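K.L.:
Compute the structure for the input listed below.
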Amino acid sequence: MASKSGSGGLREPPNEQAVLNHYESMRSELSQIYSNITELEMQVSEHSLVINAIQPLDQSRKCFRMIGGVLVERTIKEVLPAVQRNKDGLEEVVKKLYETLEKKKNELTEFEAKYKIRIRKQDDSKEEGNKKEGNAQGVLVGSASSSQ
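P.N.:
Residues are numbered from 1 along each chain as shown. This next block holds a predicted model:
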């Protein structure tokens, strides 16, 4: 990756194992980004639930908020804007992660094209196995003596 100099007509990579290792690290990086996005989207969802739960309540009502592992007592009037700010911040981070994800996917696609990487699908053998099992799906068979 560091040397993108003139020999664009390389037919074989200098070291297949190095290319494979780099490709696997790129795929694991994509996987990590996906998991980060999922985790942050869950937090955004939780923040939305909290906001929807406390918004209609009396603003002077007591509520408790966890700050750095410490439970503190505040009023809804104090907590609601902070929770909203946190939610907005999380949404920004998720948006940036999606942008990063798209860039990384494009880089991976370019890398696959450059080194002519194709992933072998193992779905063919799995589909055959599922077809054999699929004939009996949804059928419950019991012994004849149990139905009497």
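K.L.:
Now Met66: closest residue in space that isn't a chain neighbour?
P.N.:
Distances taken as CB to CB, 6 or more residues apart in numbering place Val72 nearest to Met66, at 7.9 Å, with adjacent residues excluded. C-beta here means a position set from N, CA and C on the backbone, and glycine is covered the same way.
K.L.:
which residues does that neighbour contact?
P.N.:
Val72 sits next to 64-66 when contact means CB atoms under 8 Å, 6 or more residues apart in numbering.
K.L.:
Tell me how many other residues crowd Thr100.
P.N.:
Number of residues near Thr100 (other CB atoms under 10 Å) recorded here: 15.
K.L.:
Just checking, which helix or strand of this protein averages the lowest pLDDT?
P.N.:
Using mean pLDDT, DSSP states H and E, helix 123-134 stands out as the lowest-scoring helix or strand of the chain, at a mean of 52.
K.L.:
Low-confidence bits of the chain, can you list those?
P.N.:
For the chain, the stretches flagged by pLDDT under 70 are 1-13, 123-148.
K.L.:
So which residue is dead centre in it?
P.N.:
Tyr34 (2.8 Å; CA atoms, centre = their mean).
K.L.:
Now do the buried residues in the helix or strand encompassing it.
P.N.:
Assigned by DSSP states H and E, Tyr34 belongs to helix 16-54. Buried positions in helix 16-54, judged by neighbour count with 16 or more other CB atoms under 10 Å: 19, 23, 26, 30, 33, 37, 44, 47, 50, 54.
K.L.:
what's the second one in contact with, if anything?
P.N.:
Put plainly, it is Tyr23. Contacts of Tyr23 (CB under 8 Å, 6+ apart): 108, 111-112, 115, 117.
K.L.:
Let's see that with 10 Å instead.
P.N.:
Tyr23 sits next to 108, 111-112, 115, 117, 119 when contact means CB atoms under 10 Å, 6 or more residues apart in numbering.
K.L.:
In helices only, show me those.
P.N.:
Of the contacts of Tyr23, the ones assigned to helices by DSSP state H are 108, 111-112.
K.L.:
Save these as a markdown table, and put in neighbour count and distance to Pro14 too.
P.N.:
Shown next, in a markdown table, are those (neighbours: other CB atoms under 10 Å; distance: CB to CB, whole Å):
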| residue | neighbour count | distance to Pro14 |
| --- | --- | --- |
| Leu108 | 16 | 20 |
| Phe111 | 16 | 14 |
| Glu112 | 14 | 17 |
